[in-house]
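[1] Structure for this input, please:
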Amino acid sequence: MGFGSPFLLVLVEKNMAISEFTAAINQVASERNISVDDVLETLREALVAAYQKDVEVTEEEAEKLVASIDDESGEIKILLDGKDVTPPGFGRIASQTAKQVILQKIREAEKESIASEYKKLIGTIVMGYIFRLDKETAIMDIGKTQGILPVSEQIPSERYSMNLKMKVLIKDVKKNEITGASNIILSRSDPKFIEELFRQEVPEMMSGTVKIESIAREAGERTKIAVSSSDEKVDPSGACIGQRGVRVQAVTDELNGEKIDIVNHSRSIDKFIATSLQPAHVIDVIIDEETKSAKVKVSEDQLSLAIGNNGQNVRLAAKLTGWKLNIDGEAPQKVEAEPEVEPTEEAEKTESPEETA
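    Now for the predicted structure:
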């Protein structure tokens with residue numbers, strides 16, 4: 001039986017046995033995974049509200065009004081202090097109210113079911129296309145529902161247009177505190193998006209042999225990833241790059257040219273720091289465990305590479321390693337960069353103007 005079943009409505013209109021009425025609701029509820037008690041409670045509330053639209057009552061009387069569905073006769077009544085105040089012709093109003101309640105509950109259940117399904121997909125990539133732009137926010141069709149790509153989750157250098165098809169990360173499913181509806185938050189700027197793109201291209205990563213240990217990203221510009229391997233015969237960075245760079249190129253193409261540096265992770269922090277500053281060649285690394293900082297010495301001709309444009313290379317290296325880095329060239333010039341501080345839960349909240357369909 002589909003929703004809005006004529007059989008169900010006839011039962012209400014003709015006040016047939018409540019057992020039949022309940023059986024009909026049970027069938028619809030079972031098919032749509034809806035709570036029968038919840039439907040009946042909502043129906044009673046809706047019937048009282050429908051009564052109040054047609055009959056003027058005081059505030060005190062309104063608080064005492066209840067809707068009753070008789071277990072034996074199946075009659076629907078409106079009661080005030082136990083007295084039957086059901087107006088003539090209320091059966092038709094009751095049937096329409098029942099229809100609206102059932103439809104509403106089915107829509108809510110379907111939305112919640114879809115939201116639950118996408119909650120299981122958080123952290124994975126889906127393909128979608130933009131079907132609407134709300135100012136700078138992109139509303140995307142991602143299959144069974146729509147998702148929201150807020151400005152904060154977009155790649156700054158990208159320009160989005162109607163019908164643009166692209167991959168996105170399902171970052172979160174959040175409930176709207178006002179409406180209670182669920183919003184599916186999408187992202188292309190989250191570092192996890194990079195990890196999942198590589199997972200699609202690198203079989204060794206899918207099997208668990210190669211693992212991304214850390215990622216540092218400035219979306220649209222440059223990303224550094226540190227990788228490791230559980231098999232000494234497998235070079236982790238080589239696996240991610242692929243023959244003739246085909247694997248990393250596939251990821252770069254999806255990101256419209258974002259530069260990606262892939263380095264091998266090391267448990268030796270001085271070695272890891274030196275590697276993280278590639279393509280610059282490091283002469284020496286002196287670490288200070290107490291302050292979790294390191295002094296990195298490079299030759300004069302490598303200083304600009306170590307620092308990068310506007311300090312980007314050393315900044316990303318600091319985020320990648322989690323250490324504060326002081327670049328010290330042979331000439332009297334120093335550059336410092338600190339690791340990124342983990343955002344608080346409050347700072348991570350993403351506001352979204354839309355709700356899922």
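[2] Buried residues of stretch 254-273, list them for me.
    Neighbour counts over stretch 254-273 (16 or more other Cβ atoms under 10 Å) mark 254-255, 258, 260-266, 269-270, 272-273 as buried. Any C-beta I mention is one placed from the backbone N, CA and C, and that applies to glycine too.
[3] Farthest pair within those residues?
    E254 and D270 (34.1 Å; Cβ to Cβ).
[4] and the gap between D288 and V66?
    73 Å (Cβ to Cβ, to the nearest Å).
[5] okay, I76: pLDDT?
    pLDDT for I76: 81.
[6] Could you find the closest non-adjacent residue to it?
    In this structure, I76 finds its nearest non-sequential neighbour in A94, 4.7 Å apart by Cβ to Cβ, 6 or more residues apart in numbering.
[7] which residues sit against the one helix or strand T252 maps to?
    Using DSSP states H and E, T252 sits within helix 246-254. If you take Cβ atoms under 8 Å, 6 or more residues apart in numbering as the criterion, helix 246-254 is touched by 166-167, 194, 197-198, 201-202, 239-242, 258-260, 262.
[8] try 10 Å this time
    125, 166-167, 188, 193-194, 196-198, 200-205, 223, 225, 237-242, 245, 258-262 (Cβ atoms under 10 Å, 6 or more residues apart in numbering).
[9] Please put the alpha-carbon coordinates of whichever helix or strand comes after it into CSV.
    Per DSSP H and E, helix 246-254 leads on to strand 259-264 as the next helix or strand towards the C-terminus. What follows is strand 259-264, C-alpha atoms only, in CSV (Å, rounded to 0.1, in the frame of the first residue of the first chain):
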residue,chain,number,x,y,z
LYS,A,259,50.1,21.0,-6.5
ILE,A,260,50.7,17.9,-4.4
ASP,A,261,54.0,17.0,-2.6
ILE,A,262,54.2,13.3,-1.5
VAL,A,263,56.8,12.4,1.1
ASN,A,264,57.6,9.3,3.0
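[10] Give me the distance between the helix or strand just after strand 259-264 and the centre of its chain.
    With elements assigned by DSSP H and E, the helix or strand that comes after strand 259-264 is helix 269-276. Mean-position distance between helix 269-276 and its chain equals 34 Å (Cα atoms, centre = their mean, to the nearest Å).
[11] Stretch 312-327 now?
    The answer for stretch 312-327 is 29 Å, by Cα atoms, centre = their mean.
[12] Which of the contacts of helix 246-254 are buried, as a ChimeraX select command?
    Applying 16+ other Cβ under 10 Å to these, the buried members can be selected in ChimeraX as follows:
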select :125,166,167,188,193,194,196,197,198,200,201,202,204,205,223,225,237,238,239,240,241,258,260,261,262
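[13] Was I right to think K324 contacts E290?
    No. Taking Cβ atoms under 10 Å as the definition, K324 is not a contact partner of E290, at 11.7 Å.
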